[in-house]
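S.K.: Below are the sequence and a predicted model; questions follow.
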Amino acid sequence: MSARPRKAEAPPAKGKPVTLSTLAEKKALGEPIVMVTAYDYPSAKVAEEANVDVVLVGDSAAMTVLGYPSTVPVTLDEMLMLAAAVRRGLQRPFLVGDLPFGSYEVSDEQAVQTAQRFVKEAGCDAVKLERGGISVQRAKAIIDAGIPVMGHVGLTPQTATALGGYRSQGRTAERALEVCRDALALQAAGCFAIVFEAIPSEVTDLIMPHMEVPVIGIGAGPATDGQVLVYHDLLGIYDGHAARFVKRYGEIKQAMVEGVAAYADDVRNRRYPEPAHGYTMAPDEASRLRTLLDAELKAEPYGGSWD
């Protein structure tokens with residue numbers, strides 16, 4: 001059993017919409033950046049009311065919302081639908097859309113067209129893509145087209161198989177150097193922020209002094225400029241494998257199961273609905289209906305039309 005999460009303090013007062021300048025200013029001032037994923041209108045409203053800074057429509061929706069076994073199968077159209085729903089629930093947070101696997105790797109043109117759809121059709125403020133290497137070139141092409149890009153290094157779920165599975169990256173000096181190179185290359189390409197996922201804290205500590213843009217960590221230690229967690233993980237909604245870096249701040253799924261089970265029990269035992277849950281009509285109208293219905297049934301054969 002996990003420890004009962006402490007009651008959070010009231011979130012700070014809401015201010016103006018978060019922008020790229022806001023995020024850069026937070027880094028300069030040393031103010032932690034709060035980022036969370038959301039995949040639909042209700043989760044967006046929760047993020048809005050909790051006053052987070054950045055919302056990511058992550059391709060983790062493939063598993064948490066759409067039931068796929070990994071992030072790879074989710075399509076561009078599915079991601080756009082989810083991102084558009086999130087947009088309708090947000091006002092203040094900065095909205096980032098995750099480019100799904102297969103939607104940007106082929107060419108710069110493909111990457112730009114995909115990013116444009118996230119902005120035009122879903123209303124995203126920016127997009128995110130994974131890895132270094134060729135992704136650095138794709139990021140630069142998107143940025144040159146006028147769309148802000150967030151990078152992502154370390155454990156990159158879209159290519160987890162090639163990385164040996166969902167496991168920490170950069171645990172040898174050589175692999176850690178590759179992660180650092182990817183981060184610096186994405187920064188040089190013009191990314192406004194970079195996600196560090198599942199890398200040793202020592203690696204983060206060493207590279208952070210060289211990072212001029214905000215770094216958002218997820219399993220990368222406390223030295224980053226902000227943190228991100230998956231909505232369904234932090235609230236205990238998704239019951240799949242939980243990574244080491246996940247901290248539960250709620251057990252919402254259990255509460256949901258208990259609520260639906262209580263409803264089912266009430267229905268089966270005829271405790272629901274009660275009179276308070278129904279509607280009534282005036283006694284004289286009920287009497288008139290009885291008269292009209294009797295006349296209708298006498299005029300029409302049983303099973304006849306009431307057109």
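M.R.: Cool, the structure landed.

S.K.: in the stretch 101-250 of the chain, which spans are strands?
M.R.: Assigned by DSSP state E, counting those that start in this stretch, the strands in the stretch 101-250 of the chain fall at 126-128, 149-154, 193-197, 215-218, 226-229.

S.K.: quick one: which of those strands is nearest residue 136?
M.R.: Counting by Cβ to Cβ, residue 136 lies closest to strand 149-154 out of those; the figure is 8.1 Å. Backbone N, C-alpha and C define where each C-beta goes, glycine included.

S.K.: Export the strands of the stretch 101-250 of the chain as CSV, with columns for distance to residue 280 and mean neighbour count.
M.R.: CSV is the format used below for the strands of the stretch 101-250 of the chain (distance: least, Cβ to Cβ, whole Å; neighbours: other Cβ atoms under 10 Å):
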stretch, distance to residue 280, mean neighbour count
strand 126-128, 53, 26
strand 149-154, 56, 28
strand 193-197, 56, 27
strand 215-218, 54, 25
strand 226-229, 48, 22
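
S.K.: List the buried residues for whichever strand or helix holds residue 25?
M.R.: For residue 25, the host element (DSSP states H and E) is helix 20-29. Counting neighbours by 16 or more other Cβ atoms under 10 Å, one finds that the buried residues in helix 20-29 are 22, 23, 24, 26, 27.

S.K.: got the angle between the next helix or strand after it and strand 193-197?
M.R.: Sequence-wise, the next helix or strand downstream of helix 20-29 (DSSP H and E) is strand 33-37. Angle of strand 33-37 versus strand 193-197, following axes from the mean of the first three to the mean of the last three Cα atoms, to 10 degrees, is 70 degrees.

S.K.: Just the residues contacting strand 33-37, thanks.
M.R.: Residues outside strand 33-37 that contact it (Cβ atoms under 8 Å, 6 or more residues apart in numbering): 23, 26-27, 43, 47, 50-58, 60-61, 214, 216, 225-232, 234.

S.K.: Got a ChimeraX select line for the buried ones in these?
M.R.: Filtering the contacts of strand 33-37 down to the buried ones (16+ other Cβ under 10 Å) takes a single ChimeraX command:
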select :23,26,27,43,47,52,53,54,55,56,57,58,60,61,214,216,225,226,227,228,229,230,231,232,234
